[in-house]
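Novice: pasting a predicted model and its sequence here:
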Amino acid sequence: MGKKDKLKLTSSEIGSLWGEYINGTMSEIVNKYMLSIIEDKSIKAVFQDAIKMFEKQKKQIVTLLENEGFPVPFGFTETDLNKGTEKLFTDIFCLNYLHIMTLHGLVGHTTSFGVSIREDLRYFYDSCDNDGKRMYHQTIELLLEKGEFQRDPFIYPTKNPEWIINKDFIDGFIGKGRRLASTEIISISLSMKKSIMAKTLSIAFSQVAQTKEVRKFMTDSETIANSNIQSFSKIMYMDNLPVPKSWETEVTTSTESPFSDKLMMYHIGFLSQVAQAYYGAGLASAMRADLITTYESTIFRNLKITKKWFNIMVQNRWLEQPPLAPNRKEIAKEK
């Protein structure tokens with residue numbers, strides 16, 4: 001180990017490793033279940049690759065944390081997987097799921113890379129990013145091959161670059177508004193695809209959840225995701241633009257739970273929290289009044305469901321506490 005690798009890891013670096021472990025082990029369990037139910041050989045091969053990829057990363061995360069004297073989080077294990085249950089998702093949903101979760105992973109790796117100073121950690125996240133990009137290519141190519149990849153709307157070129165010439169550009173209410181900008185469509189499309197997946201998972205989890213409390217939460221989560229989808233769809237329809245198709249029919253009628261309630265709750269909470277970052281980015285790029293209002297409403301709805309999620313997770317002791325900054329007052333009292 002060189003001198004650069006002997007630097008003590010910062011709080012941000014420890015926090016990134018901790019988050020990568022928790023979220024990675026959650027995805028690992030879901031991927032293992034999906035691998036067990038997938039019938040298509042080409043999709044199965046991509047999942048096998050994804051599982052091997054994280055197994056390698058997990059060992060490196062464990063080593064990095066242990067070398068710094070930090071306990072490895074519990075995360076999610078085989079105890080959160082109920083083997084031998086009926087098929088809950090179609091093969092195509094599984095592939096779409098892996099694609100969307102790969103997108104989340106790429107953003108997470110980039111963020112972690114951005115707070116990493118120590119050389120070994122920078123190279124670790126660099127390799128994670130390369131792995132994620134390879135998986136991104138694989139999932140897209142397979143979805144395209146199967147005619148299942150949902151491309152964003154097309155727009156048509158103008159002869160010359162154009163300038164914004166008046167303040168009406170930000171007025172997006174019916175009767176006065178201008179067409180959506182291509183820069184705005186990026187966030188709308190991404191937000192819709194992620195909301196569609198969140199809604200589909202909420203429907204599936206509501207069918208199989210073991211407790212009434214979790215089933216009720218999943219139904220509420222489905223309602224929120226549906227409201228978000230409808231809000232964005234309305235804006236797209238006003239400009240005669242197509243919206244991504246839903247995936248509800250990719251969920252079977254099985255009522256046998258392949259996962260623990262803890263894992264399913266954490267998964268929906270994870271999606272809600274990451275969605276806030278996408279909605280925030282969309283809000284920042286929005287230049288139409290109705291779009292700004294839609295993002296604000298969406299963020300508020302998500303905050304409400306996140307509060308319910310937090311309460312259930314804490315009551316059931318399902319939420320692990322990340323490493324905290326030292327409490328100087330408590331340390332002083334111990335003297």
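Specialist: Received, thanks.
Novice: where does the prediction get shaky in the stretch 151-300 of the chain?
Specialist: Counting by pLDDT under 70, the ranges of the stretch 151-300 of the chain that qualify are 167-177.
Novice: let's see 90
Specialist: Low-confidence segments of the stretch 151-300 of the chain, defined by pLDDT under 90: 151-181, 183, 238-239, 277-278, 281, 285-290.
Novice: so where do the strands sit in it?
Specialist: With strands called from DSSP state E, counting those that start in this stretch, the stretch 151-300 of the chain shows none.
Novice: helix or strand for residue 51, which one?
Specialist: According to DSSP states H and E, residue 51 maps onto helix 41-67.
Novice: if you count contacts, what does that helix end up packed against?
Specialist: For helix 41-67, the elements it packs on are helix 11-37, helix 91-114, helix 119-145, judged by 3 or more CB pairs under 8 Å, 6 or more residues apart in numbering; DSSP states H and E. Placement of C-beta: from N, CA and C, glycine included.
Novice: isn't residue 231 right up against residue 298?
Specialist: Yes: between residue 231 and residue 298 a contact is recorded at 6.2 Å, counting by CB atoms under 8 Å.
Novice: which of the two has more residues huddled nearby?
Specialist: For the pair residue 231 and residue 298, the greater number of neighbours falls to residue 298 (24 against 21), based on other CB atoms under 10 Å.
Novice: enumerate every residue touching the more buried one.
Specialist: Contacts for residue 298 were tallied using CB atoms under 8 Å, 6 or more residues apart in numbering; they are 191, 228, 231, 232, 279.
Novice: of those, which is the nearest to residue 45?
Specialist: residue 191 (30.4 Å; CB to CB).
Novice: wait, that closest one sits on residue 279?
Specialist: Yes: counting by CB under 8 Å, residue 279 is a contact partner of residue 191 at 6.3 Å.
Novice: please say which of those two ends up with more neighbours.
Specialist: Neighbours per residue (other CB under 10 Å) separate residue 191 from residue 279, with residue 279 holding more: 25 against 22.
Novice: now the end-to-end length of stretch 149-156.
Specialist: End-to-end span of stretch 149-156 (CA to CA, to the nearest Å): 21 Å.
Novice: quick one: the helices in the stretch 151-300 of the chain?
Specialist: Counting by DSSP state H, counting those that start in this stretch, residue ranges of the helices within the stretch 151-300 of the chain are 182-208, 212-238, 261-285, 289-315.
Novice: residue 64: which of the ones you listed is closest?
Specialist: helix 261-285 (21.8 Å).
Novice: what's the angle between that closest one and helix 212-238?
Specialist: 30 degrees (axes from the mean of the first three to the mean of the last three CA atoms, to 10 degrees).
Novice: give the buried residues for helix 261-285.
Specialist: By 16 or more other CB atoms under 10 Å, the buried positions in helix 261-285 come out as 261-272, 274-275, 278-279, 282-283, 285.
Novice: do the same with stretch 184-202
Specialist: Within stretch 184-202, judged by 16+ other CB under 10 Å, the buried ones are 184-185, 187-202.
Novice: from the chain's centroid, how far away is the helix holding residue 51?
Specialist: 18 Å (CA atoms, centre = their mean, to the nearest Å).
Novice: got the angle between it and helix 119-145?
Specialist: Using the same axes, to 10 degrees: helix 41-67 against helix 119-145 is 170 degrees.
Novice: torsion angles phi and psi at residue 156?
Specialist: Dihedral angles of residue 156 (phi, psi; degrees, to the nearest 10) stand at phi -120, psi 140.
Novice: number of residues surrounding it?
Specialist: When neighbours are counted by other CB under 10 Å, residue 156 comes out with 4.
Novice: and it, how far from residue 262?
Specialist: 49 Å (CB to CB, to the nearest Å).
Novice: before we move on, what about residue 229?
Specialist: Taking CB to CB, one finds residue 229 at 27 Å from residue 262.
Novice: dump the residue contacts of the residue lying closest to residue 294 once chain neighbours are set aside.
Specialist: Leaving aside its sequence neighbours, residue 294 sits nearest to residue 231 (CB to CB, 6 or more residues apart in numbering; 4.9 Å). With contact taken as CB under 8 Å, 6+ apart, residue 231 is in contact with 294, 297, 298.
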